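Visitor: predicted structure and sequence below. I'll ask about it afterward.
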Amino acid sequence: MRERYALGVREPLDAPAMHAAAQLLVSRHDFSAFGGKHRQPIRTLMGVRVRRTGRTVTVDVAGDAFLRQMVRSIVAALLRIGHGTATATDLEAALRSRDRVFAGQVAPPHGLCLRRVVIGEDQRADMGKARG
């Protein structure tokens, strides 16, 4: 049932390491490293949460807008961290470099699901509710 909405990963993931690294992305940044060329690559992420429920690891990303393939690039980078082939330091360096992160690797689209669009409310509060 989940195959349609989830990415199957056979190797174990270090979800706490993924979550800790993801916090480096929260705030206003130039996300050129995580998206295609765009004349205005500045975006604000209000929150990125990685959580494990049983064998399922979920990545939630809340932002004001996203570049093309930005969330898929973020997830691919976090998967590398979860597998131990990259570190939070690598993620931070990639964000600062503005070059396509990890050779432009993106997660497959079938694990991506738009859950909610919030207009006119404080999205920071919405992400905080999801954490609780």
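Guide: Great, that's in hand.

Visitor: what is the rounded mean pLDDT of stretch 12-26?
Guide: Mean pLDDT, stretch 12-26: 96.

Visitor: and if you look at stretch 41-56?
Guide: If you average the pLDDT over stretch 41-56, you get 93.

Visitor: now the residue nearest to the spatial centre of the chain: closest residue in space that isn't a chain neighbour?
Guide: The centroid of the chain falls nearest to residue 74 when counting by CA atoms, centre = their mean (3.7 Å). Closest residue in space to residue 74, ignoring its immediate chain neighbours: residue 34 at 5.7 Å, by CB to CB, 6 or more residues apart in numbering. Where C-beta positions appear, they are placed from N, C-alpha and C, glycine not excepted.

Visitor: ramachandran coordinates for the one you found?
Guide: Phi and psi for residue 34, reported as degrees, to the nearest 10, are phi -120, psi 0.

Visitor: do you know how far it is from residue 119?
Guide: 23 Å (CB to CB, to the nearest Å).

Visitor: again, but for residue 20
Guide: In terms of CB to CB, residue 20 sits 31 Å off from residue 119.

Visitor: show me which of those two is the more surrounded one.
Guide: residue 20 (13 against 5; other CB atoms under 10 Å).

Visitor: which residues touch the nearest residue to that one once chain neighbours are set aside?
Guide: Nearest residue to residue 20 in three dimensions, chain neighbours excluded: residue 88, at 6.2 Å (CB to CB, 6+ apart). Each residue near residue 88 by CB atoms under 8 Å, 6 or more residues apart in numbering is listed here: 17, 20-21, 24, 81.

Visitor: just the strands in the protein please.
Guide: 27-30, 42-53, 56-63 (DSSP state E).

Visitor: confidence score at the residue nearest to residue 74?
Guide: The model's pLDDT for residue 34 equals 91.

Visitor: tell me who's in contact with it.
Guide: Residue 34 touches 67, 69-70, 73-74, 77, 95, 101, counting by CB under 8 Å, 6+ apart.

Visitor: mind redoing it with 6 Å?
Guide: 70, 73-74, 101 (CB atoms under 6 Å, 6 or more residues apart in numbering).

Visitor: just those: which has the poorest pLDDT?
Guide: residue 101 (72).
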